[in-house]
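>>> everything below, folded, please.
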Amino acid sequence: MNLRPIIDEIANQADDFLEGVTDRKEARAGISEFITMEYPHLNPADRKTVSDHVMAVLENESFFNGGYAGHSFDDESEATEE
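Have a look, this model is predicted:
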């Protein structure tokens with residue numbers, strides 16, 4: 001199954017359903033909830049793949065960089081998440 005359209009759709013809507021969220025764990029939980037509600041037909045492996053890729057898109061778009069006033073912990077947190 002091609003998950004790219006689902007990943008793109010969720011990433012495009014993230015600003016709306018993750019408004020005010022700066023914590024990565026909270027964002028991942030919100031994404032998981034969104035996937036469960038909007039794409040219930042996805043199996044658990046596909047849900048994880050979609051969630052992981054949406055998080056990567058948000059990281060690439062600097063979604064989480066707003067709260068550190070110029071000092072980012074991105075490299076450190078990415079190393080511990082994987």
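>>> show me where pLDDT drops low in this structure?
66-82 (pLDDT under 70).
>>> one more time with 80, if that's ok
64-82 (pLDDT under 80).
>>> dead centre of it: give me the residue that sits there.
In the chain, the centroid-proximal residue (C-alpha atoms, centre = their mean) is residue 55; its distance is 2.9 Å.
>>> quick one, helices of this protein?
Remark: helices assigned in the chain by DSSP state H are 4-17, 24-38, 44-60, 74-81.
>>> burial count for the closest residue to the residue nearest to the centre of the chain other than its chain neighbours?
Nearest residue to residue 55, sequence neighbours excluded (C-beta to C-beta, 6 or more residues apart in numbering): residue 28, at 6.1 Å. Where C-beta positions appear, they are placed from N, C-alpha and C, glycine not excepted. Number of residues near residue 28 (other C-beta atoms under 10 Å) recorded here: 17.
>>> just checking, residue 28 touches residue 58?
No. Counting by C-beta atoms under 8 Å, residue 28 does not reach residue 58; the two are 9.7 Å apart.
>>> picking up where we left off before, now the residue nearest to residue 55: how far from residue 48?
10 Å (C-beta to C-beta, to the nearest Å).
>>> quick one, phi psi at residue 3?
phi -90, psi -10 (degrees, to the nearest 10).
>>> from what I can see it touches residue 51, true?
No. In this structure, residue 3 is not within contact of residue 51 by C-beta under 8 Å, at 10.5 Å.
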